[in-house]
Every structure is written in structure tokens, then in C-alpha cells.
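> Sharing a model prediction with you, sequence too.
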Amino acid sequence: MRAVFRWLCLVMSFVVGLTESAKSFADEAKAPARKGKNVVYITWDGFRWQELFGGAQETLIAKDAGVADIEGVKARYWRESEAERREVLLPFVWKTIAKQGQSNKKFPNPHVNVLEFLNRRPGFEKRVAAIATWDVFPSILNQPRSGLYVHAGVGPIPGGSLTDREKLLNEMIADTVVLWPDNQIDVITMQVAREYLLKHKPRVLFIGLGETDEWGHGRRYDRYLHSANRADAFTAKLWELLQSLPDYKDQTSIVLSCDHGRGNSIRDWTDHGAKIEGAEFVWSAVLGPDTPALGVRSDVNGTLSQVAATLATLVGEDFRAASPKSAAPLPGIVREKAAQ
């Protein structure tokens with residue numbers, strides 16, 4: 001059980017492919033000064049570690065898990081080995097990131113979050129934003145106090161000087177069938193985030209995707225898998241876009257995580273919470289110019305509480321100086337030399 005528990009608590013950390021993953025200690029000593037100036041944080045709401053590391057789970061490719069086309073889902077996502085299954089489900093995570101680095105009620109949040117902290121730091125003012133599917137994020141981030149730009153839920157993109165693409169997105173938002181009253185579909189959120197990045201060039205951008213959680217709660221394992229596969233593809237395209245832009249190329253980290261796990265069995269894989277066994281296990285991944293290439297890490301335990309300080313660290317800021325009770329950054333996320 002001890003070995004299994006360590007595996008469940010994995011923290012994945014990845015690095016940009018500017019260098020080989022097998023670095024010598026001599027190379028580490030020559031590590032350049034910090035390169036990271038920007039960070040994009042993407043959450044895949046409620047996406048389980050089981051699928052991240054093991055791909056589609058055979059016991060859930062079943063009618064009881066809401067799969068409408070069992071043979072179709074197997075053809076698309078089932079492979080004999082765990083490594084093949086996870087790669088066909090999440091090709092960007094496993095072909096690019098892993099090989100180049102380390103692997104609700106609405107009320108204003110009274111606590112200063114890391115996005116608000118960064119938004120007040122010199123050089124970051126008005127360059128921190130959040131684009132998310134769930135309409136509770138303006139409250140979570142306390143938008144009135146924090147001054148952050150937050151676009152969340154099923155509403156249109158605000159403003160009077162919209163680009164042609166933003167106008168088209170607003171038409172799509174108005175014409176799209178609302179599946180969940182408090183959640184936008186991921187593809188809209190993805191495109192709104194992409195357009196915001198191109199137009200405003202934020203230094204810190206949070207993107208909250210939600211379909212994995214919605215389809216999980218809806219007991220549709222097939223659509224849960226499809227949503228994860230699309231989230232992976234979006235992350236790949238976003239990374240390619242960042243590397244094509246001078247303001248971001250070789251200066252930007254991407255942090256991925258879920259916000260909670262889910263149950264382990266066919267009965268409770270749809271749920272999460274304190275009473276659901278296994279829902280406490282989570283994962284994270286980091287891809288960036290200052291992160292050493294350590295692959296999938298089983299030598300450390302990590303918690304989601306460490307993500308806030310990690311985001312700040314990746315752009316050269318110290319969140320714990322403003323919030324001493326906050327958790328430390330994920331260990332080893334920045335090279336020792338670059339951290340100085």
C-alpha cells in the first residue's frame with residue numbers, strides 16, 4: 001500500500017525542450033538566469049489521476065458508466081498497455097511534455113489569491129486575467145476587490161472595441177445551446193482565452209476548463225474522455241501559439257492541474273468530496289524554461305495548495321512574502337541556479 005500511495009501522490013513537472021532531459025550536474029551549475037516572465041495556468045476540472053497516468057479505464061467503458069458507443073470508445077481510446085492508453089488519450093501530455101521535462105455557493109472570497117497578488121506587483125498591473133467555464137470564478141477571485149479581468153460562465157465577451165473574432169464568438173455564445181446554466185462549454189472558453197491572449201498579452205493567464213467535471217457528474221465516461229482529449233489538444237495548440245509569439249517564446253511556463261480527484265469505482269467515479277474515497281488524490285504538471293527536466297516524479301508528495309506559490313515563483317515573485325501561511329512552491333520546480 002505504501003508504494004501505491006506514493007504513486008497516487010505524484011507531482012509531474014515538465015520543462016521546455018530547449019535542453020535534453022538527461023542533464024549533467026555540470027550543466028545544472030551553468031544554468032542561465034531565470035527566463036520565465038509569463039505563466040499560463042490551466043485546470044482540467046475533476047480530471048482523475050487514473051486517466052492521466054493510465055488512460056481509459058476498461059471497467060468504465062461500459063453502459064453503466066454512460067458510454068453510448070462502447071466499441072467506438074474502445075477503438076478510439078483503448079490500447080493493451082497503460083503507456084499506449086494514456087498517450088492516445090493525452091498525446092500532448094505524454095509525447096511532448098513528459099518527454100521534454102518533469103512529469104459552491106457564490107460569495108466573495110475574503111482571501112487574497114495569487115492572481116490578485118501578482119496583479120498588484122510592478123510590471124504585472126492589469127496584465128493578469130482569468131477565463132473560465134464556471135460562473136462562480138468572479139466570486140472565487142473576488143473580482144470587485146482584486147481588479148482582475150474575469151470572463152466566466154455563459155455570458156458574452158464584454159466591451160465596446162471587440163475584434164471581429166470576439167464578435168463572432170459572441171454570436172456563437174448567443175446561439176449555442178446551454179448545456180449547464182452555470183458552465184460554458186470548453187470550446188468557447190478555449191477560444192475566448194486564445195483571443196484574449198492575442199489581444200491583451202497578459203503575463204499571467206488562468207484558464208479554467210470544466211467539461212471533464214460536468215460529464216463526470218453526468219455519468220458520461222465517453223464524453224469525459226472526449227473532453228480530456230480536447231483539453232489536451234487545446235493545450236498543445238496554445239503551447240504552439242505561445243512559442244510563435246515574441247513576447248512569450250522561451251519565456252513562458254504552463255502549469256496544468258485538476259482541482260480535485262474523483263472516486264475509484266464504477267459507482268462513485270462520478271463524484272468527489274470528503275466522503276468519496278480517492279477524490280483527494282490529484283496531479284499537476286509544469287512545462288517551462290526554468291524547470292529542470294525530471295520526468296514523472298515519484299520522489300516527492302505535492303498538494304494543490306502549493307500551486308499558488310509555484311505560479312508566483314515561475315515569474316520571479318514570492319507569494320509567501322505576502323501570505324506567510326501559504327504552502328511552499330512545488331519542490332524542484334525551478335533550477336537552483338535560476339532561483340538565485
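Sure thing, it's come through. Residues are numbered from 1 along each chain as shown.
> name the helices or strands packed onto the helix or strand harbouring Val39?
Using DSSP states H and E, the element containing Val39 is strand 38-44. If contacts are counted by 3 or more CB pairs under 8 Å, 6 or more residues apart in numbering; DSSP states H and E, strand 38-44 sits against strand 204-209, helix 221-244, strand 252-257, helix 307-314. All C-beta spots, glycine's among them, are computed from the backbone N, C-alpha and C.
> Pull out the buried residues from that strand.
By neighbour count on 16 or more other CB atoms under 10 Å, the buried set for strand 38-44 is Asn38, Val39, Val40, Tyr41, Ile42, Thr43, Trp44.
> what two of those are the furthest from one another?
Spatially, the most separated pair among the buried residues of strand 38-44 is Asn38 and Trp44, at 20.4 Å (CB to CB).
> quick one: the helices in the stretch 151-300 of the chain?
Secondary structure of the stretch 151-300 of the chain (DSSP state H, counting those that start in this stretch): helices at 164-175, 186-200, 211-217, 221-244.
> orientation of the first one relative to helix 186-200 in degrees?
Spelled out, it's helix 164-175. For helix 164-175 against helix 186-200, the angle by axes from the mean of the first three to the mean of the last three CA atoms, to 10 degrees is 150 degrees.
> by contact count, what packs against helix 164-175?
helix 186-200.
> Contacts for the helix it packs on, please.
Applying CB atoms under 8 Å, 6 or more residues apart in numbering, the external contacts of helix 186-200 come out as 127, 129, 131-133, 149, 151, 157, 163, 165-166, 169, 172-173, 176, 202, 205, 207-211, 227, 230-231, 234, 238, 241.
> the inter-axis angle of that helix versus helix 221-244?
Between helix 186-200 and helix 221-244, the angle comes out at 10 degrees (the same axes, to 10 degrees).
> buried residues in helix 186-200?
Asp186, Ile188, Thr189, Met190, Gln191, Val192, Ala193, Arg194, Glu195, Tyr196, Leu197.
> and if you look at stretch 73-88?
Residues Val73, Tyr77, Trp78, Arg85, Arg86, Glu87, Val88 are the ones in stretch 73-88 that count as buried (16+ other CB under 10 Å).
> Tell me the one among the residues you listed nearest to Val300.
Closest to Val300 out of these is Arg86 (20.7 Å), distances taken as CB to CB.
> from what I can see the closest one touches Gln50, true?
No - contact criterion CB atoms under 8 Å: Arg86 and Gln50 do not qualify, at 9.9 Å.
> how about the strands in the stretch 51-200 of the chain?
Assigned by DSSP state E, counting those that start in this stretch, the strands in the stretch 51-200 of the chain fall at 128-132, 149-152.
> Tell me which of those lies nearest to Phe92.
Among these, the nearest to Phe92 by CB to CB is strand 128-132 (19.4 Å).
> least trustworthy helix or strand in the protein by mean pLDDT?
Every helix and strand of the chain was ranked by mean pLDDT, DSSP states H and E. The lowest is helix 2-8, at a mean of 29.
> quick one: contacts of stretch 242-258?
If you take CB under 8 Å, 6+ apart as the criterion, stretch 242-258 is touched by 16, 18, 35-49, 93, 201, 212, 235, 238-239, 282-291, 304, 307, 310-311, 314-315.
> re earlier: taking strand 128-132 as reference, get the angle to the strand holding Val39.
Angle between the axes of strand 38-44 and strand 128-132 is 20 degrees (criterion: the same axes, to 10 degrees).
> Given strand 38-44, what are its sheet partners and their directions?
Sheet pairing of strand 38-44 (DSSP bridges) gives strand 204-209 (parallel), strand 252-257 (parallel).
> could you give the mean pLDDT of it?
Mean pLDDT, strand 38-44: 97.
> And that strand, how far out from the chain middle?
Relative to its parent chain, strand 38-44 has a centroid offset of 5 Å by CA atoms, centre = their mean, to the nearest Å.
> how many degrees apart are it and helix 307-314 in direction?
Counting by the same axes, to 10 degrees, strand 38-44 lies at 150 degrees to helix 307-314.
> is it possible to export the buried residues of strand 38-44 to a markdown table including distance to Gly295?
Listed next are these as a markdown table, based on distance: CB to CB, whole Å:
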| residue | distance to Gly295 |
| --- | --- |
| Asn38 | 24 |
| Val39 | 21 |
| Val40 | 22 |
| Tyr41 | 21 |
| Ile42 | 20 |
| Thr43 | 22 |
| Trp44 | 20 |
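> Which single one of the residues you listed is nearest to Gly54?
Checking those one by one against Gly54 (CB to CB), the nearest turns out to be Trp44, at 15.5 Å.
> Look up how far Gly208 lies from the closest one.
9 Å (CB to CB, to the nearest Å).
> quick one: secondary structure of Leu330?
The three-state label given to Leu330 by DSSP: H, G, I helix; E, B strand; the rest coil is coil.
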